[in-house]
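>>> can you look at this prediction? I've put the sequence above it.
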Amino acid sequence: MKKTNKIIGIDLGTTNSCVSVLEGKEAKVIINSEGGRTTPSIVAFRNEEILVGEVAKRQMLTNLDTIVSIKRYMGDKNYKVDVKGKKYTPQEISAMILRNLKKQAEDYLGAEVSNAIITVPAYFNDAQRQATKDAGKIAGLEVKRIINEPTAAALAYGFDKKNTEQNILVFDLGGGTFDVSILNLAEGNFDVLSTAGDNLLGGDDFDNKIIEFLLKEIKKEHLVDLSKDKSVMQRLKSVAENAKKELSNATFSQISLPFLTMVQTKEGGNSVQKPIHFEYNLTRNKFNELTQDLVERCLIPLKRALKDANMTPQQIHQVLLVGGSTRIPAIQELVQKELNKDTLNKSINPDEVVAMGAAIQGGVLTGDVKDIVLLDVTPLSLGIETLGNVFTKIIERNTTIPTTAKQVFSTAEDNQPSVIIHVLQGERPLARENKTLGRFSLDNIPAAPRGVPQIEVTFDIDVNGIVSVKAKDLGTNKEQQITISGQGSLTEEEIQKMIKEAEENAEADKIKRDKIDTLNEADNLIFQTKKSLDSLKDEIKPEEKEKIEEQIKNLEEAMKQDDVQVIKDKISVLQKEAQAIAIRVYQKEQEKNKNQQSNDDKEQKKQSSESETVDAEIKEKK
């Protein structure tokens, strides 16, 4: 088969996936072998056969070796799928889906495909992005770019609107993830202004609410707990998903589960097995009641995205709904109410638009699409731990990528031979309250007093949002670096709470940070004052030295207490006394230099006069 240089666009979704390719100036969604425009992100193992997509979904009720929603575990190095004793990583399962999409594209194009753009949720962290790239590699694809799903959606929407300037809000609620991004479109530039989201909020969670409710109803009616029965759970998953979809257009959904399972019962003194049948009429109102907390969770990232973009709802020109779960009426009502919009933009298919945007970005990379510039952002701040458990940010959240930022630090102790670079991601002021992405050390630092070595720390985020960190001793040019990968995956609670906690605890965090900064200031003042006392020992009186040493002792005692104001007061006293002596010594030194200069001037004058006499003598002799 001949090769093509086309770059396909892939939306690797939690529930469904989609593949698209640019033909001429239009992104075309590729129809799969079953005639569908999207492919279920489902993998099943049957005997020696691996099934992917619709065929895997059709037999999931009878085959327990069926894997769904694997995207939720991307980047989790501890998660494995056990199938008949063989363990598979999320990357391997995802690669099976990608391989299927690759074949669909090859069948359509009649050529071998080797390049792809794959989309990820905007709030995917570094480990999850790297895992996605790895999955593509396993599937035989060179992943040319990882781009954010909301950004891809905006790209597809604005592709033919390059000459209009507008602010676009993308509300992307898929099967397993949720993102909100705000972009400015102007003259072909797609500039992401802010992004926020929840890595583990999506349609699956709405399904699970229905499943939990049905399990309670079954237990109430038949006095049996079926939550551990895998076969029953598969059936409940199927009916819950169907009910959710039906309730987007109807006010009720009839759930029918005949022969759900067999239970032991007594009849005429004999133990017999009888089938359980279950029927329930689920109304939209009941569904809204069950899922109200999920709908409300969408508000937090929505408000945060507006705040970070420094925008009001009135400044948003278009609201794009992306992802199948945005069809839920309660979601649409929430968005309309919060953004004060009478209508939402439904001109694009929410299941297909992301893949189409990825295909357009592929066209940008091959040169088939001109005059489009995509400027994405990093969703969370990045930095390192510094003295006192402080999180020092080096790259702020919502910084346009790719980007590089550097900062110079020093050692905290005399003759410190190495430094540990603790790389963090988050928004809280204290290191322990943020997410660890990795650690590495820079060793063999030459012996020197604290504060003298110059350690330059450089953060680099590439176009895929993948982070690398480098530490360099500017004195020796010795360096060490790390590319963040597996250990940094963020859980649902961590990613959602991270910024929310930063906002809720802003005042408490400010107090904590103030205390740490004050302690660091006190520690540094003591260090510098002791150093000055030693270097000026011949210039100051014994009683002055004794007084300063007493004040140093008082400050050291205050540092052991919790009263920050007392520490600040002691700092002020010591600074005043130390500065007074330093000024006096400086003035004395200045006077000494002045006298020395005066003596030097007199000597120079004398030498000059003698020199003139000699010249005269020479002339006179002549």
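All right, it came through fine.

>>> tell me where the stretch 351-500 of the chain is predicted with low confidence.
483-500 (pLDDT under 70).

>>> and stretch 571-586, average pLDDT?
The average pLDDT for stretch 571-586 rounds to 78.

>>> gap between it and the chain center?
Relative to its chain's centre, stretch 571-586 lies at 47 Å (Cα atoms, centre = their mean, to the nearest Å).

>>> so which residues of the stretch 101-250 of the chain form helices?
126-138, 149-158, 203-222, 230-246 (DSSP state H, counting those that start in this stretch).

>>> so, low pLDDT: which residues of the stretch 1-150 of the chain?
Residues of the stretch 1-150 of the chain meeting the criterion pLDDT under 70: none.

>>> got the helices of the stretch 101-250 of the chain as a markdown table, with mean neighbour count and distance to residue 437 columns?
Heads up, the C-betas are built off the backbone N, CA and C, glycines and all. Formatted as a markdown table, those follow (neighbours: other Cβ atoms under 10 Å; distance: least, Cβ to Cβ, whole Å):
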| stretch | mean neighbour count | distance to residue 437 |
| --- | --- | --- |
| helix 126-138 | 23 | 6 |
| helix 149-158 | 28 | 22 |
| helix 203-222 | 18 | 26 |
| helix 230-246 | 18 | 34 |
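
>>> mind putting the ones you listed into a markdown table with distance to residue 115?
Output for the helices of the stretch 101-250 of the chain, formatted as a markdown table (distance: least, Cβ to Cβ, whole Å):
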| stretch | distance to residue 115 |
| --- | --- |
| helix 126-138 | 10 |
| helix 149-158 | 16 |
| helix 203-222 | 30 |
| helix 230-246 | 33 |
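
>>> indicate which one of these is closest to residue 374.
With Cβ to Cβ as the measure, helix 149-158 is the member of those nearest residue 374 (6.5 Å).

>>> gap between the spatially most central residue of the chain and residue 74?
The geometric centre of the chain, computed from its C-alpha atoms, lies nearest to residue 125 (Cα atoms, centre = their mean), at 4.2 Å. Going from residue 125 to residue 74 by Cβ to Cβ, to the nearest Å gives 10 Å.

>>> equivalent analysis for residue 511, please.
Distance from residue 511 to residue 74, by Cβ to Cβ: 38 Å.

>>> neighbour count: those two, which is higher?
Legend: neighbour count by other Cβ atoms under 10 Å for residue 511 and residue 74, higher for residue 74 (29 against 11).

>>> okay, buried residues for the strand ranked longest in the chain please.
Identified as the longest strand of the chain according to DSSP state E is strand 252-267. Residues of strand 252-267 classed as buried by neighbour count (16 or more other Cβ atoms under 10 Å): 253, 255, 257, 260-261.

>>> now the angle from that strand to helix 230-246?
Relative orientation of strand 252-267 versus helix 230-246 (axes from the mean of the first three to the mean of the last three Cα atoms, to 10 degrees): 160 degrees.

>>> which other helices and strands does strand 252-267 contact?
Contacts defined by 3 or more Cβ pairs under 8 Å, 6 or more residues apart in numbering; DSSP states H and E place strand 252-267 against helix 203-222, helix 230-246, strand 270-283.

>>> average pLDDT for the shortest one?
Spelled out, that is strand 270-283. 86.

>>> hmm, who's touching it?
Under the criterion Cβ atoms under 8 Å, 6 or more residues apart in numbering, residues 210, 214, 217-218, 221-222, 224, 243, 247, 251-266 lie in contact with strand 270-283.

>>> could you rerun that using 6 Å?
By Cβ atoms under 6 Å, 6 or more residues apart in numbering, the surrounding residues in contact with strand 270-283 are 218, 222, 243, 252-265.

>>> ok so, going back, parallel or antiparallel, which strands does the longest strand of the chain pair with?
Paired neighbours of strand 252-267 in the sheet (DSSP bridges): strand 270-283 (antiparallel).

>>> any buried residues in the partner strand, and which?
Within strand 270-283, the residues that count as buried by 16+ other Cβ under 10 Å are 276, 278, 280, 282.

>>> bridged to the second one, which residues?
Beta-bridge partners for residue 278, by DSSP bridges, are residue 257.

>>> for residue 344, see how far away it is.
Taking Cβ to Cβ as the measure, residue 278 falls 36 Å from residue 344.

>>> over to the last one?
Distance of residue 282 to residue 344, given as Cβ to Cβ: 25 Å.

>>> who's in contact with residue 235?
Contact analysis of residue 235 by Cβ under 6 Å, 6+ apart lists residue 61.

>>> the same query, at a cut-off of 7 Å, please.
61, 257, 260 (Cβ atoms under 7 Å, 6 or more residues apart in numbering).

>>> of all those, which comes closest to residue 177?
Closest to residue 177, out of all of the contacts of residue 235 and judged by Cβ to Cβ, is residue 61, at 25.7 Å.

>>> can you report how many residues neighbour the closest one?
Burial of residue 61 is recorded as 13 neighbouring residues (other Cβ under 10 Å).

>>> that one: what secondary structure?
Secondary structure, DSSP: H, G, I helix; E, B strand; the rest coil: residue 61 is coil.

>>> disregarding residues adjacent in the polypeptide, which is nearest to it?
Distance criterion Cβ to Cβ, 6 or more residues apart in numbering; nearest residue to residue 61, sequence neighbours excluded, is residue 234 at 5.2 Å.

>>> pretty sure that neighbour contacts residue 57?
No. Residue 234 is not in contact with residue 57 according to Cβ atoms under 7 Å; the separation is 10.9 Å.

>>> buried stuff in whichever helix or strand residue 363 is part of?
For residue 363, the host element (DSSP states H and E) is helix 353-366. Residues of helix 353-366 classed as buried by neighbour count (16+ other Cβ under 10 Å): 353-364.

>>> so which of the residues you listed comes closest to residue 434?
Residue 434 lies nearest to residue 354 out of the buried residues of helix 353-366, by Cβ to Cβ, at 29.6 Å.

>>> which residue comes closest to the closest one once chain neighbours are left out?
Leaving aside its chain neighbours, residue 354 sits nearest to residue 11 (4.0 Å; criterion: Cβ to Cβ, 6+ apart).

>>> show me what contacts that neighbour?
With contact set as Cβ under 7 Å, 6+ apart, residue 11 has these partners: 17-18, 119, 149, 354-355, 358.

>>> could you list the domains of the protein?
Annotated domains of the chain cover 7-201+298-377, 203-293, 382-504, 507-597 [automatic domain parsing].

>>> give me whichever of these is most buried.
Highest mean neighbour count among the domains of the chain (mean count of other Cβ atoms under 10 Å): domain 7-201+298-377, with a mean of 21.

>>> before we move on, back to that, what does the longest strand of the chain contact?
224, 226, 229, 232, 235, 239, 243, 246-247, 271-284.

>>> check residue 342 and give its pLDDT.
Looking at residue 342, its pLDDT reads 84.

>>> quick check: it vs residue 319, distance?
Applying Cβ to Cβ, the value for residue 342 to residue 319 is 11 Å.

>>> contacting residues around residue 426?
380-381, 391, 434-435, 498.
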